[in-house]
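Enquirer: got a sequence here, can you model it:
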Amino acid sequence: MAPRQLTLDLPVETRFGRDDFLVSPSNIDAFETFERWPAWHDRVLLLLGPTGAGKSHLGAIWAERAQARVLPACALASADIATLASGGPILLEDVETARGIEAQLFHLLNLVRTTSDCWLVITARGWPDGWGLRTPDLLSRLRLAPAVEIAEPDDALVRAVLVKLFIDRQLVVDTSVVEYLALRIERSLDAARRVVEALDLEALTAGRRITRPMAGDVLRALEAGQ
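Expert: Residues are numbered from 1 along each chain as shown. Predicted structure coming up:
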C-alpha cells in the first residue's frame, strides 16, 4: 500500500462574485430580476429556493452592487429597526429559521417602503405561508411582496459547478469523473462543494490523481458520515 501523505488543511476561499455565478434555466429568472435593480417596482423582494441552490451567492452579488448590509434574520431581535432602515439596502438571510422577530420584521417592512434609498431582500427556503408566522398582518404583507425563486440545480448546472470547483482548486480531472459525480450527488451546490473538497483532500493525502474509483470511495465515505 502506498504511504499516505501528511496534508495541510489550507482554506480555499468560496468566491461569490458576479463572474462566479453560473446562470442556468434553474436560476435565470432570479438572476435577471437582480440584474434589473434598482428598477424594481417594490422595495421588498423575496428570494426563495432550497438550501444549496445559490441564494447566498446571488444575494452577495446584489449586496456588493447595492452596498447592502448582510444580516442573518435572527439579528433583528436585538437591532434598532429605525436605524437599520435608515442605513440603506439590506439583505436579510434565512428568515424562516428565525424566531421571535415578527414584530421587528413587520416594523422593518413598513419602514423600508417609506424610507428613501432603502431596499430589503429576504431569503428563505419556501413561501411565507410555511414559515410558521403568527402575525396575520405580517403574513399578509409578505404574501403581497414580489418574489423570485431559484429551483434545484439542473443537470447542466451541477456539471458546470463541479468543473468550476475543480478548476478553482487547480485540480485536473477527467470528464468521466464529473459525469459520475453529477449523477450521484445530491442536487445542491453545497453538495458539489463538499465532494470536491473531500476529493481534493483525498488526492493530496493519497498522493494520487482523482479517478472514478476514488470518487466512488469518497462518495461512500461522505454518505456514511466519515
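Enquirer: for the longest helix belonging to the chain, buried residues please.
Expert: Ranked by residue count under DSSP state H, the longest helix found in the chain is helix 189-206. Across helix 189-206, burial judged by 16 or more other Cβ atoms under 10 Å covers 189, 191-196, 198-200, 202-204, 206. For glycine as for every other residue, the C-beta is placed from the backbone atoms N, C-alpha and C.
Enquirer: and that helix, C-alpha only, in PDB?
Expert: Output of helix 189-206 as PDB, limited to C-alpha atoms (Å, rounded to 0.1, in the frame of the first residue of the first chain):
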ATOM      1  CA  LEU A 189     -24.300  23.400  -4.900                       C
ATOM      2  CA  ASP A 190     -23.300  22.700  -1.300                       C
ATOM      3  CA  ALA A 191     -23.100  19.000  -2.000                       C
ATOM      4  CA  ALA A 192     -20.900  19.700  -5.000                       C
ATOM      5  CA  ARG A 193     -18.600  21.800  -2.800                       C
ATOM      6  CA  ARG A 194     -18.400  19.100  -0.200                       C
ATOM      7  CA  VAL A 195     -17.500  16.300  -2.600                       C
ATOM      8  CA  VAL A 196     -14.900  18.400  -4.400                       C
ATOM      9  CA  GLU A 197     -13.300  19.400  -1.100                       C
ATOM     10  CA  ALA A 198     -13.200  15.800   0.100                       C
ATOM     11  CA  LEU A 199     -11.700  14.600  -3.200                       C
ATOM     12  CA  ASP A 200      -9.100  17.300  -3.100                       C
ATOM     13  CA  LEU A 201      -8.100  16.200   0.400                       C
ATOM     14  CA  GLU A 202      -8.100  12.500  -0.500                       C
ATOM     15  CA  ALA A 203      -5.900  13.100  -3.600                       C
ATOM     16  CA  LEU A 204      -3.400  15.100  -1.500                       C
ATOM     17  CA  THR A 205      -3.400  12.600   1.300                       C
ATOM     18  CA  ALA A 206      -3.000   9.600  -1.000                       C
END
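Enquirer: run the angle between whichever helix or strand comes after it and helix 189-206 for me.
Expert: Downstream of helix 189-206, the next assigned helix or strand under DSSP states H and E is helix 212-223. Relative orientation of helix 212-223 versus helix 189-206 (axes from the mean of the first three to the mean of the last three Cα atoms, to 10 degrees): 120 degrees.
Enquirer: hmm, which two among the buried residues of helix 189-206 are most spread apart?
Expert: The distance between the two most remote of the buried residues of helix 189-206 (Cβ to Cβ) is 26.0 Å, for L189 and A206.
Enquirer: so what touches stretch 95-104?
Expert: 72-74, 76-77, 79, 81, 105, 122-126, 130-135, 138 (Cβ atoms under 8 Å, 6 or more residues apart in numbering).
Enquirer: and for stretch 68-77?
Expert: Around stretch 68-77, the neighbours that count as contacts under Cβ under 8 Å, 6+ apart are 59-60, 62-63, 79, 84, 87-95, 97-101, 104-105, 108, 119, 121-122.
Enquirer: go on, stretch 174-184?
Expert: Contact with stretch 174-184 is made by 155, 158-159, 162-163, 166, 192, 195, 210-212, 215-216, 219, as judged by Cβ under 8 Å, 6+ apart.
Enquirer: and that stretch, which residues are buried?
Expert: Neighbour counts over stretch 174-184 (16+ other Cβ under 10 Å) mark 177-178, 180-182 as buried.
Enquirer: turn those residues into CSV, including secondary structure and pLDDT.
Expert: Formatted as CSV, the buried residues of stretch 174-184 follow (DSSP: H, G, I helix; E, B strand; the rest coil; pLDDT from 0 to 100):
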residue, secondary structure, pLDDT
V177, helix, 97
V178, helix, 96
Y180, helix, 97
L181, helix, 97
A182, helix, 95
